[in-house]
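A.B. asks: Model the following, please.
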Amino acid sequence: MADPHVAVDSHREGDVSILVAEGVLDNSTYRDLRDTVIKAALDEPRAVIVDVNYLWVPSAPAWSVFTSARWYVSIWPDVPILLVRESHQSRRAIAEAGVARYVPVHPTRQAALDAIGDLASHGRRRARAELPAAAASVRAARAQVAYWLTAWGKPDLIPVAGTVATVFVENVLTHTDSAPVLVMEIYRETVTVAVEDYSRRPAVRHEDADHGTELLSGLSIVSTLCRHWGCMPTSSGKIVWALVGLENKL
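C.D. replies: Now for the predicted structure:
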């Protein structure tokens, strides 16, 4: 018997990302499907609609893959995820699994599109810069942050955002073989600083048993300086991000 798999076809309808999933959703395919949905959200469409009519789910708890994906993107980039399933019985099973509370389920794709309404986040501005896998990228990242925030009228956030970018880029250069990709976004009064790399090893805070609190990791500093931070898988590795508000000015 062939190994279970899930194939996902993706396309855009206007500013909405449409995914059509086909195959078997179980323990062996759960993570890949979750990461595919997350990656679609990271492209920042107005919403991600996942058509699951062709998805076979032997165990109802596996539907939580979509709740997991939504949790990953709930703070940033906060893109809504909606499901499409024609079968009333299946929609009820999805609701009973606790998924519909976070990820709405609709009987048709048009119903999902109609439900999006005004969920879009207008006024976002985003910039991206690919940096070399070299020590000079730390300084280049700080300079890029200063340039973008000056252009966006947020010079007061340059020190904290530059510090966060420094930590993230240094971590990529120290712990991976990747070239970092710096991403910044501004929305209303908040700024997101993010760095992508090609390592699937998640970013975590480390504690030093020998030094206690005398030695602070870079991510410990980030967690102190920003409103929120997180790490999300992508199709090619991961992205580490931090959300900075006016209260975080240095």
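A.B. asks: then the longest helix belonging to the chain to CSV, C-alphas only?
C.D. replies: If you go by DSSP state H, the chain has its longest helix at helix 158-175. Only the C-alpha atoms of helix 158-175 are listed here, as CSV (Å, rounded to 0.1, in the frame of the first residue of the first chain):
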residue,chain,number,x,y,z
ILE,A,158,14.8,52.5,14.9
PRO,A,159,16.9,51.6,18.0
VAL,A,160,14.6,48.8,19.2
ALA,A,161,13.9,47.4,15.8
GLY,A,162,17.6,47.6,14.9
THR,A,163,18.4,45.6,18.0
VAL,A,164,15.9,42.9,17.2
ALA,A,165,17.2,42.7,13.7
THR,A,166,20.7,42.4,15.0
VAL,A,167,19.8,39.4,17.2
PHE,A,168,17.9,37.6,14.5
VAL,A,169,20.6,38.0,11.9
GLU,A,170,23.4,37.1,14.3
ASN,A,171,21.4,33.9,15.2
VAL,A,172,21.1,32.9,11.6
LEU,A,173,24.8,33.4,11.0
THR,A,174,25.8,31.6,14.1
HIS,A,175,23.4,28.6,14.1
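A.B. asks: Go through that helix and flag the buried ones.
C.D. replies: Residues of helix 158-175 classed as buried under the neighbour-count rule (16 or more other CB atoms under 10 Å) are 158-173. Any C-beta I mention is one placed from the backbone N, CA and C, and that applies to glycine too.
A.B. asks: same check, this time on stretch 142-162
C.D. replies: Those buried within stretch 142-162 under the rule 16+ other CB under 10 Å are 142, 144-146, 148-149, 154, 157-162.
A.B. asks: Show the average pLDDT along it.
C.D. replies: Computed over stretch 142-162, the mean pLDDT rounds to 96.
A.B. asks: Quick one: residues in contact with that stretch.
C.D. replies: Applying CB atoms under 8 Å, 6 or more residues apart in numbering, the contact partners of stretch 142-162 are 125, 127, 129, 141, 165-166, 182, 184, 186, 191, 193, 225-226, 244, 246, 248-250.
A.B. asks: so where's the protein shaky on pLDDT?
C.D. replies: For the chain, applying pLDDT under 70 flags the ranges 1-3, 118-123, 204-216.
A.B. asks: which residues of it fall in helices?
C.D. replies: With DSSP H as the criterion, the chain has helices spanning 30-42, 65-72, 88-96, 109-116, 136-151, 158-175, 218-225.
A.B. asks: The fifth one vs helix 158-175, what angle?
C.D. replies: Relative orientation of helix 136-151 versus helix 158-175 (axes from the mean of the first three to the mean of the last three CA atoms, to 10 degrees): 150 degrees.
A.B. asks: Return a PyMOL selection command for the buried portion of the contacts of stretch 142-162.
C.D. replies: The PyMOL command for the buried members of those (criterion: 16+ other CB under 10 Å) is given here:
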select buried, resi 127+129+141+165+166+182+184+186+191+193+225+226+244+248
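A.B. asks: Strands - which of the contacts of stretch 142-162 land there?
C.D. replies: 125, 127, 129, 182, 184, 186, 191, 193, 244 (DSSP state E).
A.B. asks: so who does the second one touch?
C.D. replies: Put plainly, it is residue 127. Per CB under 8 Å, 6+ apart, neighbours of residue 127: 144, 148, 183-185.
A.B. asks: For the closest residue to residue 71 other than its chain neighbours, list the residues it contacts.
C.D. replies: Counting by CB to CB, 6 or more residues apart in numbering, residue 71 lies nearest to residue 102, which is 7.5 Å off, once chain neighbours are set aside. When contacts are counted by CB under 8 Å, 6+ apart, residue 102 touches 66-67, 70-71.
A.B. asks: most neighbours, which of the residues you listed?
C.D. replies: When neighbours are counted by other CB atoms under 10 Å, residue 66 leads those with 27 neighbours.
A.B. asks: Quick check: closest non-adjacent residue to that residue.
C.D. replies: Excluding the flanking residues, the one nearest residue 66 by CB to CB, 6+ apart is residue 103, at 4.6 Å.
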